[in-house]
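mind looking at a prediction? Sequence and model below.
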2 protein chains.
Amino acid sequence: MARVVVDVMPKAEILDPQGQAIVGALPRLGFAGVSDVRQGKRFELEVDDAVDDAELAKIAESLLCNTVIEEWKVTRLS
Amino acid sequence: MARVVVDVMPKAEILDPQGQAIVGALPRLGFAGVSDVRQGKRFELEVDDAVDDAELAKIAESLLCNTVIEEWKVTRLS
């Protein structure tokens, strides 16, 4: 078994209203010095060793990510 | 400026219906070998160098994470 992380973030050119809401809320809560926030998703998968990187890429692209507005990255944890 | 990632995941003892929905969908889409999926959130922050780890912990705990059901981890990118 391997542990795999798939990070899905909005593309740089896509507006991120959730992130902007956080940027706006931080000063009101007394936190200064944060100039930008982007909110995305993190998936942690338990996969068989037989599942290779190509199949993980297909899973990320077809099920976990909307590739029109999001980009993804697969990382295998040790 | 520093780039900081805050990962927010459901606690191990908390049910994760979104992750379970993905586990259920994978075989139907032809992907075998994934035994568990947990879905959480990933925040990417741009912060001033003056913002220290204690303040980042406060931001994660008070704004980004519901500590009743979620756990968080702060990572500074290079």
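Received, thanks.

what's in contact with stretch A:70-78?
For stretch A:70-78, contacts defined as Cβ atoms under 8 Å, 6 or more residues apart in numbering or on different chains pick out A:2-11, A:14, A:40, A:53, A:56-57, A:60-61, A:64-65. Backbone N, C-alpha and C define where each C-beta goes, glycine included.

also near chain B: which of these, exactly?
Restricting the contacts of stretch A:70-78 to those near chain B by Cβ under 8 Å from any Cβ of the partner chain leaves A:7, A:8, A:9, A:40, A:64.

which member of those residues is positioned nearest chain B?
residue A:40 (4.6 Å; Cβ to the nearest Cβ).

list the buried residues for the strand or helix carrying that closest one?
Using DSSP states H and E, residue A:40 maps to strand A:34-47. Applying a neighbour-count criterion of 16 or more other Cβ atoms under 10 Å in any protein chain shown, one finds A:34, A:37, A:38, A:39, A:40, A:41, A:42, A:43, A:44, A:45, A:47 buried in strand A:34-47.

residue furthest from the geometric center of chain A?
The centre of chain A is farthest from one residue, residue A:30, which by Cα atoms, centre = their mean lies 26.9 Å away.

the ones next to chain B among the contacts of stretch A:70-78: which two are farthest apart?
Farthest pair in these (Cβ to Cβ) is A:9 and A:64. Separation: 11.7 Å.

who touches both of these two?
Common contacts of residue A:9 and residue A:64 (Cβ under 8 Å, 6+ apart): A:41, A:72.

quick one: the residue farthest from the centre of chain A is in a helix?
No. Per DSSP: H, G, I helix; E, B strand; the rest coil, residue A:30 lies outside any helix segment and is coil.

per-residue pLDDT of it, please?
pLDDT, residue A:30: 95.

same check, this time on residue A:78
74.

gap between it and chain B?
Distance, residue A:78 to chain B, using Cβ to the nearest Cβ, to the nearest Å: 16 Å.

and that residue, how many neighbours?
Residues lying near residue A:78 (other Cβ atoms under 10 Å in any protein chain shown) number 4.
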